[in-house]
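**Student:** output the structure for:
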Amino acid sequence: QVQLVESGGGSVQAGGSLRLSCSPSEYTSSMGWFRQAPGKEREGVAAWRSDIGTRYADSVKGRFFISKDNTKNTLYLQMNSLKPEDTAMYYCAADTYRDWALLLQPGYKYWGQGTQVTVSS
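**Tutor:** Below you'll find the predicted structure:
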């Protein structure tokens, strides 16, 4: 059982930046960030796979950047130019392997507890 510990959420004004971190208890080759706003479905934001790189949702391309520090075994999500519509609970997810086509789909085996991001206008 892989455990995921997230940190870095908070409140920020529109146009600001936040960085989320996720530390899995063991290495996994596929990881992603998802978010869920009240009354909405969970959606994929960004994903990383060790052999083929990253994927982003269209809504965050050019603003959010996902990266993995393998020396610390930590996944990051750098969020820039934040908008009020980015407000949501953000979740880290991990799996031993996810097909490229499914990286932004919420079928991952392991999930973190979530960290709240609130962007005010």
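**Student:** okay, the residue lying closest to Leu18 once chain neighbours are set aside: pLDDT?
**Tutor:** Closest residue in space to Leu18, ignoring its immediate chain neighbours: Met79 at 5.0 Å, by CB to CB, 6 or more residues apart in numbering. Using the backbone N, CA and C atoms, a C-beta is placed for each residue, glycine as well. Note on Met79: pLDDT of 98.
**Student:** Arg19 is in contact with Met79, correct?
**Tutor:** Yes: contact criterion CB atoms under 8 Å: Met79 and Arg19 qualify, at 7.0 Å.
**Student:** sec struct for the most centrally placed residue in the chain, please.
**Tutor:** Centrality entry for the chain: nearest residue to the mean C-alpha point is Trp33, 1.9 Å, by CA atoms, centre = their mean. Under the three-state scheme (DSSP: H, G, I helix; E, B strand; the rest coil), Trp33 adopts strand.
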